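# Structure of the sequence below:
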Amino acid sequence: MYYNVHTHPHSESDDVFLIENLYKHFDLETDGRKLSMGLHPWYLDKDNLSMQFDDLAAYAGKAEVLAIGECGLDKLSSTDWGLQLKAFQLQIKLAGDLNKPLIIHCVKAFNEVLAELKSVKVPVIFHGINNKLSIVQPVIDAGFYLSFGKSLLGGNAAILNTFKKTPLEQVFLETDDADINIREIYKSAAEIKEISEKEIVLQLEKNFLNVFHN
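Just a heads-up that it's a prediction; the model follows:
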């Protein structure tokens, strides 16, 4: 089984287990699909945050919702920083209350995000990693998971080195919003790690079961 822990486009495949992300319209009929739900920092409404959060909380406890997120902090976003922080803190608490993992959106704010996660008790996945190793080393050291996607298909040596040096026990793979097949990312991941694709598949299945054990 291939695991795709963060995707927006939804496509069916018998040998791919995917978690489809919703950042709005939490009341949509899900037809049994597995989801993550969260308030993305780009789409926060300063006049209606409490309403947005109440809407999220009303649906996040459903069995098909496997994780809270993506949520986090983004220094390149035009969204007010204080609003981002408040929304992030609310979602960290919600994940703890529901005992569901967090999927993190983090742009140029690793120190600030890690500070907010210091007392978190649920598993944490930083998605869309495309950073040099020195930036994400504190995430690895904290025992959190790093999810890599289309960045593994490019030729950026620094990003490929980050993946190579990240312990496989802390790795997930994803397609996010890219129109690519998760199998391509698995294939590239195996080549970068210089191990068999089967080894990647088996370890990521273990990781998935460790995180999404509910």
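
# Moving along the chain from the longest helix seen in the chain, name the first helix or strand you hit.
In the chain, assigned by DSSP state H, the helix with the most residues is helix 81-98. Downstream of helix 81-98, the next assigned helix or strand under DSSP states H and E is strand 102-107.

# Return the list of helices and strands in contact with that following strand.
On a contact count with 3 or more C-beta pairs under 8 Å, 6 or more residues apart in numbering; DSSP states H and E, strand 102-107 meets strand 65-74, helix 81-98, strand 124-126. For glycine as for every other residue, the C-beta is placed from the backbone atoms N, C-alpha and C.

# Remind me what the longest one packs against, helices and strands.
For helix 81-98, the elements it packs on are helix 49-60, strand 65-74, strand 102-107, helix 110-116, judged by 3+ C-beta pairs under 8 Å, 6+ apart.

# if we can go back for a sec, with mean pLDDT, mean neighbour count and distance to residue 48 added, can I get the helices and strands packed on strand 102-107 in CSV?
Formatted as CSV, the helices and strands packed on strand 102-107 follow (pLDDT from 0 to 100; neighbours: other C-beta atoms under 10 Å; distance: least, C-beta to C-beta, whole Å):
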stretch, mean pLDDT, mean neighbour count, distance to residue 48
strand 65-74, 97, 25, 16
helix 81-98, 98, 18, 11
strand 124-126, 98, 26, 27
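
# right, and those - which one's nearest residue 13?
Set against residue 13 and scored by C-beta to C-beta, the helices and strands packed on strand 102-107 come closest in strand 65-74, at 17.8 Å.

# What strands line up against that closest one, and which way round?
strand 35-37 (parallel), strand 102-107 (parallel) (DSSP bridges).

# Adding distance to residue 171, mean pLDDT and mean neighbour count, write those strands out as a markdown table.
Below are those laid out as a markdown table (distance: least, C-beta to C-beta, whole Å; pLDDT from 0 to 100; neighbours: other C-beta atoms under 10 Å):
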| stretch | distance to residue 171 | mean pLDDT | mean neighbour count |
| --- | --- | --- | --- |
| strand 35-37 | 18 | 96 | 25 |
| strand 102-107 | 14 | 98 | 26 |
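
# can I get those strands in a markdown table with distance to residue 154?
A markdown table is the format used below for the strands paired with strand 65-74 (distance: least, C-beta to C-beta, whole Å):
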| stretch | distance to residue 154 |
| --- | --- |
| strand 35-37 | 25 |
| strand 102-107 | 18 |
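
# Nearest to residue 163 among those strands would be which one?
Closest among the strands paired with strand 65-74, once you apply C-beta to C-beta, is strand 102-107, at 16.7 Å.

# Quick one: residues contacting residue 113.
72, 73, 88, 104, 106, 126 (C-beta atoms under 8 Å, 6 or more residues apart in numbering).

# ok, now how distant is the fifth one from residue 42?
What it means is residue 106. Distance, residue 106 to residue 42, using C-beta to C-beta, to the nearest Å: 13 Å.
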